[in-house]
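> The following block contains a protein sequence and its predicted model.
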Amino acid sequence: MRPLSAALQMAPIPSENGVIGDDEREEEDEEEGGDDVEEEVEEEPRLKYQRMGGSIPVLLMNDAASCIAVAERMIALGTHGGTVHILDFLGNQIKEFHVHTAAVNDLSFDIEGEYVGSCSDDGSVVINSLFTDEKMKFEYHRPMKAIALDPDYVRKTSRRFVAGGLAGHLYYNTKKWFGYRDQVLHSGEGPIHAVKWRTSLIAWANDAGVKVYDTADDQRITFIERPRGSPHPELLVPHLVWQDDTLLVIGWGSSVKIASIRTNQHRATDGAYKHVPMSYLNQVDIVASFQTSHFISGVAPFGDSLVVLAYIPGEEKGEKEFTSTIPSRQGNAQRPEVRIVTWSNDEISTDALPIHGFEHYKAKDYLLAHAPFSGSSYAGGHWTAGDEPLYYVVSPKDVVIAKPRDAEDHIAWLLQHGWHEKALAAVEAGQGRSELLDEVGSRYLDHLIVERKYAEAASLCPKLLQGSASAWERWVFHFAHLRQLPVLVPYIPTENPKLRDTAYEVALVALATNSSFHEGLLSTVKSWPHVIYSALPVIAAIETQLTTSSMTDALKEALAQLYVIDGQYEKALLIYADRMKPEVFDYIEKYNLHHSIREKVLQLMMIDCKHGVLLLIQNKDLITPSDVVSQLLNASNKCDPRYFLHLYLHSLFEVNPNAGKDFHDMQVELYADFDPKMLLPFLRSSQHYTLEKAYEICIGRDLLREQVFILGRMGNSKQALAVIINNLGDIEEAVEFVTMQNDDDLWEELIKQCLHKPEMVGMLLEHTVGSLDPLYIVNMVPNGLEIPRLRDRLVKIITDYRTETSLRHGCNDILKADSVNLLVKYYKEAIHGIYLSSEEDEARAKRNDSMASQAYVRSSNVRTLEVKSKTKGGARCCMCFDPFSIQNVSVIVFFCCHAYHMTCLMDSSYNVSGRKGSGATYPEPVVEYEYETGDVDDGDDDDGSQSDAHRMRCILCTTAAG
């Protein structure tokens, strides 16, 4: 059982509907009895309650409610003072009718809600129009207890209604031609206590029981006997409710019956009723019947269940009075209860109502009315939005509204009982308003915080807080206050929504001050955008820990990241170098911090020697080789600095052999220790090492070829040759060494040292071809010396000699042929003249495409020919001696550096030709030069093939030659 005070806390109905809560007497009663009630697992209620506000408190202040009727658009409330109040659903008065002089006992609306009928103890029945001034009053001179208007009252001209009272007559009033006429449908079985009209069926209750009359057939169709042992109707009136067109619910005393009425009418497709054959006799089936442990003050349908207003009599001498009479003692009644039960009396829920003055009320003082509007649907305990049935519990001084609980009420009830997970699931499933997510989420988080489930609360924040920046900030600071902010940091959003920078800074400081979350700080600094917070507060929090034991590696790296964000690149570089991070090289390049690595040579080499060497070489102007060598030589024993020194000096030597010349003596030893194969190329390339020191190093490490080279450079050729022959045994290298020395005495020394070794003599014969006459060696060989494979070697020597001789002759022939060809080619190029055209000539050449085949070299846009530096005439024509810039004419330039105007040269050629024709004697014809575009024909030009070509000649050179 749930007291209404608890239910009211879960029903957020607008304040204009009335003040929610219990009066002082209720609170005192709860305090007195609260200690004796054992806590039970409370089931979720089905209904929620609200006292009707509006005009109700004022209307009932000096009067008392006696009856109620509910239409689709309004409520009618009758009082003991004889007034009928028309109210809206908020309790605000719309109209009032002062039509009775005694208590109003019953009210009835037509189905359209346009007329309301009332009956009173003053013996009158009044029917008022709610939208016009129409009013009809009927006097019956005995108290009238029940009235029911025809559901189609407004549609039919008959204006029918039924009414009854203490006289025991059930009047059926109909409008005829000559006025209204009453017909007594039934009498003689005691007062009429209740009457209800549905379609064509009228049900009424008297002292004997319940009867049903069919107005369509004008006959009574059934009788249901009054339950045995029920209180007298004057003490506890019966209650009739039509659940639908055929189901009648009867609540009488402590008994409930549900009767199914079968009639000879069936509804057609158009909604009208039609008769069926009389073989289908009217009858009634009691489809459900049960006894209760309480008196019934009202009953109403609730989907496929029932709502029962239960009256609990007071207790006397420890036993509950449950008799056919109402207790005479006043002031000991219990709260009325609203119970939802099935047709088999299985209780679904029970709510105790804190009605004002309930201790003094009797069962008949309570009323239950409901408003099942047309079109309402019920499925699985849920009504469609706006179609929920309303229930009105009326007492003399109070009206309470009850309605089925909706999804939001369900969520509120779950929250009230601590089932936050279920409440959250209900909201996520779309039950209730989306705004409920904030409230549910906040309460759920509060619950988890109280339970110290901080990690779970943090993980739910993204889902519960979503895009509310203010909510996120509130919880960030709340977690910070609880010193649990680190568990929330991974879930804090950086965009959509973006929080204030203070929230992010507080979160980072919380991570920095807890050594368990330093790794989380590092990952957070890397993942969060740098623009959403200021790094300075976090840096300050970390720098205070630099000298403490809480300074972990992760915290150092996070500090370096923060230095970068704040632009303190040098400080970040120091941390990266000390932390031996490989990305330090990219960091140096990215922020151009080469000037900051002067004192970090060893750290860089230890991090990555290859990258370190490359970086030092590229910045050798900033970090000199002497600085690098000095730092590496002074390094501690944590590593082998000599290897780093070797790598650096080797790379430096490859880039610039003279850059590290001061350290070449050291470099010899380093090569000998770490890369002996590179020592000999280094010895050959360098001139800055001490030969004696280098020789000692080579002897100490038994480096023979290096010894040979150094001895050769020192001038000890014979000693070097002895090392090659005696230690290396490589005749080919000995021959190469002797050849390089270009010393005949050394050849003799080589031969002498080989003569006592027959195998070496043979090898010497093979390898000296081209360098020394093999016959000379053969003559020096002592008689009788057996040389292995001598015949084969001699054959090879002779063959190689012949091959060499043949190659030399062939090369000489090729050289001679190439010289002749190149000379001819040069001659052909030298006889060509170069034609430099003017702009006018060039325009004419473009208009005349047929002249394109002529081999003239045209210069574009040559307005003034500047050829002073290229001609012997000093930029003057060698014929007319006019400057080239004066006459805008074409010019011919020869490779002899003489230049002529085109016209002058043509005139000269013409004159010469004319004189030849006249018989004049002149020197041998002038050598003619061909002028072309500058392209040289590589082919051989035959004189005959060019006889038709137009040729010109340099006059001066030809004359001089003549």
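It's in. Just so it is clear, the structure is predicted and the values come from calculations on it, not from any experiment. Numbers count the residues shown, from 1 in each chain.

> so how far is the longest helix anywhere in the chain off the chain centroid?
Criterion DSSP state H: the longest helix present in the chain is helix 790-830. Distance of helix 790-830 from its chain centroid, counting by Cα atoms, centre = their mean, to the nearest Å, is 79 Å.

> who's in contact with residue 641?
Counting by Cβ atoms under 8 Å, 6 or more residues apart in numbering, residue 641 touches 602, 605, 632-633, 635. (Glycine included, C-beta is placed from N, CA and C.)

> Highest neighbour count among the residues you listed?
Neighbour counts for those peak at residue 605, which has 26 neighbours (criterion: other Cβ atoms under 10 Å).

> what mean pLDDT would you report for the one helix or strand it maps to?
Per DSSP states H and E: residue 605 is located in helix 601-607. Helix 601-607 shows a mean pLDDT of 87.

> In three-state terms, label the residue nearest to residue 426 when sequence neighbours are not counted for me.
In this structure, residue 426 finds its nearest non-sequential neighbour in residue 411, 5.1 Å apart by Cβ to Cβ, 6 or more residues apart in numbering. At residue 411 the chain is in helix, as set by DSSP: H, G, I helix; E, B strand; the rest coil.

> Which strands and helices lie in contact with the helix or strand following the longest helix of the chain?
Using DSSP H and E, the helix or strand that follows helix 790-830 in sequence is strand 832-836. Judged by 3 or more Cβ pairs under 8 Å, 6 or more residues apart in numbering; DSSP states H and E, the packing partners of strand 832-836 are strand 891-893, strand 930-932.

> what lines up beside strand 832-836 in the sheet?
If you go by DSSP bridges, strand 832-836 pairs up with strand 891-893 (antiparallel), strand 930-932 (parallel).

> Least confident of those strands, on average?
Minimum mean pLDDT among the strands paired with strand 832-836: strand 930-932, a mean of 45.

> Show the subsequent helix or strand relative to the strand or helix carrying residue 444.
For residue 444, the host element (DSSP H and E) is helix 436-450. Next in sequence after helix 436-450, counting helices and strands by DSSP H and E, comes helix 454-465.

> How far off centre is the next helix or strand after that following helix?
Per DSSP H and E, helix 454-465 leads on to helix 469-481 as the next helix or strand towards the C-terminus. With Cα atoms, centre = their mean as the basis, helix 469-481 stands 22 Å off its chain's centre.

> Give me the mean pLDDT for helix 469-481.
Per-residue scores along helix 469-481 average to 92.

> contacts for it?
Against helix 469-481 from outside (Cβ under 8 Å, 6+ apart): 438, 442, 445, 449, 454, 458, 461, 465, 485, 487-488, 492-493, 497-500, 503, 506-507, 510.

> quick one: residue 542 and residue 559 touch, right?
Yes - counting by Cβ atoms under 8 Å, residue 559 is a contact partner of residue 542 at 4.8 Å.

> Who has more neighbours out of the two?
Each of residue 542 and residue 559 has its neighbours counted (other Cβ under 10 Å); residue 559 has more, 27 against 24.

> ok, back up a step: filter the contacts of helix 469-481 down to the buried ones.
445, 449, 454, 458, 461, 465, 485, 487-488, 492-493, 499, 503, 506-507, 510 (16 or more other Cβ atoms under 10 Å).

> Return the closest of these with respect to residue 590.
The closest of the buried ones among the contacts of helix 469-481 to residue 590 turns out to be residue 507 (Cβ to Cβ; 27.6 Å).

> Please enumerate residues in contact with the helix or strand where the closest one lies?
Residue 507 belongs to helix 501-512 when assigned by DSSP H and E. Outside helix 501-512, the residues that touch it by Cβ under 8 Å, 6+ apart are 472-473, 476-477, 480, 483, 485-486, 488-489, 492, 494, 517-518, 520-521, 524-525, 528, 532-534, 537-538, 541-542, 545, 555, 558.

> what pLDDT does the nearest residue to residue 649 once chain neighbours are set aside get?
Nearest non-adjacent residue to residue 649, counting by Cβ to Cβ, 6+ apart: residue 667, 4.8 Å away. Model confidence at residue 667, given as pLDDT, is 92.

> could you say which helix or strand contains residue 667?
Short version, using DSSP H and E: residue 667 is in helix 664-674.

> and the following helix or strand past that helix, what does it pack onto?
Next along the chain after helix 664-674, taking DSSP H and E as the criterion, comes helix 679-685. Where contact means 3+ Cβ pairs under 8 Å, 6+ apart, helix 679-685 is packed against helix 664-674, helix 704-714.

> Could you check how far whichever helix or strand comes after helix 679-685 is from the centre of its chain?
For helix 679-685, the following helix or strand on the C-terminal side (DSSP H and E) is helix 691-700. How far helix 691-700 lies from its chain's middle: 69 Å, per Cα atoms, centre = their mean.

> Report the angle between helix 691-700 and helix 704-714.
Helix 691-700 runs at 160 degrees relative to helix 704-714, counting by axes from the mean of the first three to the mean of the last three Cα atoms, to 10 degrees.

> mind listing what's buried in helix 691-700?
Buried residues in helix 691-700 (16+ other Cβ under 10 Å): 694-695, 697-698.

> for stretch 522-534, same thing?
522-525, 528, 532-534.

> can you pull up the bridge partners for residue 180?
Taking DSSP bridges as the rule, residue 180 bridges to residue 175.

> swap in residue 249?
residue 241, residue 258.

> State the number of residues packed around it.
21.

> thought it was touching residue 299?
Yes - if you go by Cβ under 8 Å, residue 249 and residue 299 touch, sitting 5.5 Å apart.

> Mind listing the shared neighbours of these two?
By Cβ under 8 Å, 6+ apart, the residues touching both residue 249 and residue 299 are 241, 256, 306.

> could those residues go into CSV alongside neighbour count?
CSV is the format used below for the shared contacts of residue 249 and residue 299 (neighbours: other Cβ atoms under 10 Å):
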residue, neighbour count
241, 24
256, 23
306, 24
